[in-house]
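Asker: From the sequence below, what's the structure:
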Amino acid sequence: MEQTKTVRPGEELNTESLLSYLNEQMEDLPDEELVVRQFQAGHSNLTYLLKIGNWEAVLRRPPLGPVAARAHDMARESTVMATLAPHLSIIPEPLHFCSDQGIIGAPFFLMERKKGIVLDTEFPEDLEATPQLARTISEQMVNRLVDLHAINYEKTKLVELTKPEGFLERQVHGWIKRYHQAKTHDHKGLEELTTFLSDRIPTSQDATVIHYDYKLNNAMFSKDGQEMVGLFDWEMTTVGDPLCDVGVALSYWIEPNDPTLLKRGFGKPPVTVQEGFFSRRDWVELYAKKSGRHVDHIEYYLTFAYFKLAVIAQQIYYRYHKGQTNDTRFAQFDQTVAALIHHGRETATTELT
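Answerer: Below you'll find the predicted structure:
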């Protein structure tokens with residue numbers, strides 16, 4: 001599947017202004033036309049492929065319309081990536097940050113383009129989806145998260161950008177507040193779910209770097225699927241409880257027997273429903289073995305991750321409901337919110353199997 005497509009109507013860049021700016025800031029650019037394509041994945045920040053002759057870069061900017069305070073911080077995301085890239089080769093190297101909103105209408109940054117395949121709802125036609133390949137991809141996902149969590153953040157600039165003490169408590173109460181700020185409908189079970197999350201906060205383990213949006217379609221693999229070569233969307237990266245990262249990864253890791261609304265809440269089911277991919281239990285057990293961390297209370301972290309997904313979907317739906325975006329992909333997200341709240345309640349009372 002093509003990773004990029006024609007830019008969606010209303011999300012175009014000012015190519016004349018951008019090209020002029022690039023020629024001022026970047027050395028030795030070819031004297032050719034700027035070609036812009038848009039990456040298909042993602043429901044929040046907008047990401048574009050820029051090509052000028054044989055030069056390529058990826059541009060990342062906030063979404064259109066009003067943006068919540070401290071959200072979609074391009075300066076912070078590029079700084080985090082620049083800080084961590086020397087420690088993990090799968091992180092794209094940031095190339096340039098621009099705070100001047102007059103260029104394209106918002107701050108943005110450029111980063112290197114990684115090349116490979118991104119797996120989401122299907123495999124490329126030229127790659128046979130065998131159970132062994134599915135297992136290899138599963139193992140790569142676990143192993144690279146273990147690698148990220150092994151980085152000594154105290155020797156990086158993240159010490160200045162993060163506050164790990166009290167992380168989980170702030171997250172739980174903060175995400176509950178975000179939900180109510182974006183509320184559009186009453187959803188059954190919300191009060192019970194938020195009460196559970198507030199009352200059952202576990203004691204956190206030692207803090208690590210966490211990606212906090214770790215999922216299969218944020219990763220890029222070599223064309224044969226044997227190795228992860230890229231990891232994207234570092235907007236939410238911070239230092240905190242590593243099991244929060246595991247919970248997020250598990251919430252995106254859909255199994256074939258999951259409820260239909262969960263499997264299809266964001267569109268077609270991901271490839272993880274196919275034969276050979278880890279179950280969530282397999283995922284957790286390998287993480288525990290490779291990281292040496294205990295995974296007690298993992299059901300709590302998964303429940304919280306489902307609630308976070310519900311909040312993200314609600315924030316996106318709020319923008320659609322208020323006419324801040326006309327993207328029809330978001331029209332049914334209120335149903336996605338309801339499904340995630342329901343599944344979060346179920347997970348809270350069910351041992352991960």
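Asker: Return the set of buried residues in the helix or strand bottoming out on mean pLDDT in the chain.
Answerer: One helix or strand of the chain scores below all others by mean pLDDT, DSSP states H and E: helix 260-263, with a mean of 82. Neighbour-count burial for helix 260-263, counted by 16 or more other CB atoms under 10 Å, picks out 262-263. For every residue, glycine as well, the C-beta is placed using N, CA and C.
Asker: What is the next helix or strand after it packed up against?
Answerer: Going down the chain from helix 260-263, the next helix or strand is helix 280-291, by DSSP states H and E. Counting by 3 or more CB pairs under 8 Å, 6 or more residues apart in numbering; DSSP states H and E, the packing neighbours recorded for helix 280-291 are helix 131-149, helix 242-252.
Asker: can we see that at 6 Å?
Answerer: Counting by 3 or more CB pairs under 6 Å, 6 or more residues apart in numbering; DSSP states H and E, the packing neighbours recorded for helix 280-291 are helix 131-149.
Asker: And the helices in this protein?
Answerer: Using DSSP state H, the helices of the chain run over 15-25, 74-84, 131-149, 158-161, 167-181, 190-199, 242-252, 260-263, 280-291, 298-321, 333-348.
Asker: Return the per-residue confidence for the closest residue to R319 other than its chain neighbours.
Answerer: Nearest residue to R319, sequence neighbours excluded (CB to CB, 6 or more residues apart in numbering): T325, at 4.9 Å. pLDDT recorded at T325 is 81.
Asker: before we move on, what about S17?
Answerer: Predicted confidence (pLDDT) at S17: the value is 97.
Asker: thinking again about what came up before, could I get the helices of the chain as a markdown table with distance to G225?
Answerer: Below are the helices of the chain laid out as a markdown table (distance: least, CB to CB, whole Å):
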| stretch | distance to G225 |
| --- | --- |
| helix 15-25 | 34 |
| helix 74-84 | 24 |
| helix 131-149 | 5 |
| helix 158-161 | 31 |
| helix 167-181 | 33 |
| helix 190-199 | 36 |
| helix 242-252 | 18 |
| helix 260-263 | 22 |
| helix 280-291 | 17 |
| helix 298-321 | 25 |
| helix 333-348 | 29 |
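Asker: most tightly surrounded among these?
Answerer: Counting by mean count of other CB atoms under 10 Å, helix 242-252 has the highest mean neighbour count of these, with a mean of 25.
Asker: what's that one packed up against?
Answerer: Judged by 3+ CB pairs under 6 Å, 6+ apart, helix 242-252 is in contact with helix 298-321.
Asker: In stretch 103-115, which residues are buried?
Answerer: For stretch 103-115, a neighbour-count test (16+ other CB under 10 Å) marks 103-104, 106-112, 114 as buried.
Asker: Which of the residues you listed fall within strands?
Answerer: 108-111 (DSSP state E).
Asker: just curious, which of those residues is nearest to R170?
Answerer: Distance to R170 across those (CB to CB) is lowest for F109, with 26.4 Å.
Asker: I'd like the distance between the closest one and F97.
Answerer: Remark: distance between F109 and F97 (CB to CB, to the nearest Å) = 4 Å.
Asker: can you list residues touching both of those two?
Answerer: Residues touching both F109 and F97 (CB atoms under 6 Å, 6 or more residues apart in numbering) are S78.
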